[in-house]
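Q: Here is my input, please return the structure:
(one chain, ligands or ions: 1)
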Amino acid sequence: MCLNAPHGAQAIYFECQNMKKISFLLVFAFPFSLAAQVGVPQFSIPIQGAHLQDYYLVNYVDWSFDSIQDFKCGHKTYDGHQGTDFTLRNFAQMDAGVDVYAANTGVVTYILDTLFDRNKTAVAGGLGNYVAIRHFNGFYTYYGHLKKGSVALQLSDTVTMGQKIAEVGSSGYSSDPHLHFEVWYDSLYYWDPFSGSCGNPQTLWLDTLAYVHEFGLIDHDFTDFIPTLDTLKERLPGQEVFSSSDRVVTFWVQGYGVFPGDISTVKWYDPQGDLWFQFDYAHPYEWWYYYVWTYINTPPADKAGIWTVAYLVNDDLKLVDSFEVAGATAAFEPETALDAKAFQNSEGDLVLEWQQHFPLEDELYIVDMMGTLVYHSPVPSNQQTLTLPIAQALNSGLYVLYGKQGRVKPLRFVFVQ
Ligand SMILES: [Zn+2]
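A: Residues are numbered from 1 along each chain as shown. Reported below is the predicted structural model:
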């Protein structure tokens, strides 16, 4: 299981769906003719909990030599993947303990559980901590990326179907806590336990594990810090009420099932229902496990109240949640209406023009929609235009003018660079 790197402050990440091809030394699937000759074991689900609630089937066996293809002719795999990944929601869930079960009766033939188990980027390390079990007729199952010290077995122990053998970890080549489950026949062939039109004709599962190929949400919350992928994966407690002591308000969402060109949008609405900030992200790849996050500076006290955040994919509303900005609501005057224009002159400067007396109390602040101050200057109160040599340094977009009394007006600046 592998991931790409995050893309900066407001970022995304995804399961590696397009990893470069690794060496491919093995026959990629069990020859069907052999299935008739040998008794094929049936497997119970090797992990505790419920699919799409406690774990998510992110990567299946790759059936394609030259690209990627899962047993349903989809792309829920990566190049050369030989097993099935049962991925947990986060590391907090891993810490609480998620059991791994023997999928069938057998004998333990290999145990390793001394390795570091909190890897967050996929680097060399293979299965990490793992257990191998030999079943009847030459079948083996492998349980990879286990939690350090969690294997409560000895070599040559006999285990029964459904018996706890270990706990889920993130050891080895692993970016998130997950169980990599792999089936082998006679040390020669690995075998996809699922059946489908691009895979095996016969399933090895005793239970049904739904193949999901549409969008879904895993989790979301607000925090008062700017996250990294690491902090999101830890699933730290969220926050509902924010005040001036909080630097930012962050919204993050974890989901699956986006495709190239899909647009993730996060809309922030102030207590009056006005759009305060919008974040759009075009997904470049098909992702079956991803995070998106965006943050704003904690709104000023005159914007105290219940804020709303909407998350959309391709303008289709996926979730709405709210947080509260606490504060003395009388600290600032309400927004001053200012009939102002903003444009760029032929010298490339930003020009602000307004019709009436400038109400900014001799101070002008321009703040971008991330809440970052991009310009601050004294303003002669008898002027009706102001030329600012800042346009070349700013991107086109929406900015807000502030005076000493608070927000004055949102302005859309379109700069010709
Ligand atoms: Zn895997």
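Q: Give me the residue ranges of this protein where confidence is low.
A: 1-38, 328-340, 355-362, 369-371, 380-383, 391-392, 396-398, 402-417 (pLDDT under 70).
Q: Going by proximity to the ion, name the top residue of this structure.
A: At 3.5 Å from the ion, residue 180 is the closest residue in the chain, using Cβ to the ion. For the C-beta atoms, the positions are set from N, CA and C on the backbone; glycine is no exception.
Q: which non-adjacent residue is nearest that residue?
A: Using Cβ to Cβ, 6 or more residues apart in numbering and skipping residues adjacent in sequence, the residue nearest residue 180 is residue 144, 3.7 Å away.
Q: I figured the one you found hits residue 83, correct?
A: Yes - counting by Cβ atoms under 8 Å, residue 144 does reach residue 83; the two are 7.1 Å apart.
Q: May I see the domains of the chain written out as residue ranges?
A: Residue ranges for the domains of the chain, per automatic domain parsing: 12-191, 216-325, 340-413.
Q: What segments of the stretch 51-200 of the chain are strands?
A: Ranges of strands within the stretch 51-200 of the chain are 55-59, 84-88, 99-101, 106-112, 130-134, 139-144, 158-159, 164-167, 178-185, 189-191, based on DSSP state E, counting those that start in this stretch.
Q: so of the ones you listed, which one's packed in deepest?
A: With neighbours defined as mean count of other Cβ atoms under 10 Å, these peak in mean count at strand 84-88, which reaches a mean of 26.
Q: Spit out the residues that contact residue 144 and residue 83 alike.
A: 180, 181, 182 (Cβ atoms under 8 Å, 6 or more residues apart in numbering).
Q: Show the contacting residues for residue 179.
A: Neighbouring residues of residue 179 by Cβ under 8 Å, 6+ apart: 46, 47, 55, 85, 86, 100, 143, 144, 145, 146, 168.
Q: what about 6 Å?
A: If a contact means Cβ atoms under 6 Å, 6 or more residues apart in numbering, then residue 179 has 47, 86, 100, 168 as its contacts.
Q: Just the element for the spatially most central residue of the chain, please.
A: Nearest to the geometric centre of the chain sits residue 291, at 1.6 Å (Cα atoms, centre = their mean). Following DSSP states H and E, one finds residue 291 within strand 290-297.
Q: For the helix or strand following that strand, buried residues please.
A: Sequence order places strand 305-313 as the next helix or strand after strand 290-297, per DSSP H and E. Residues of strand 305-313 classed as buried: 307, 309, 310, 311, 312, 313 (neighbour count, 16 or more other Cβ atoms under 10 Å).
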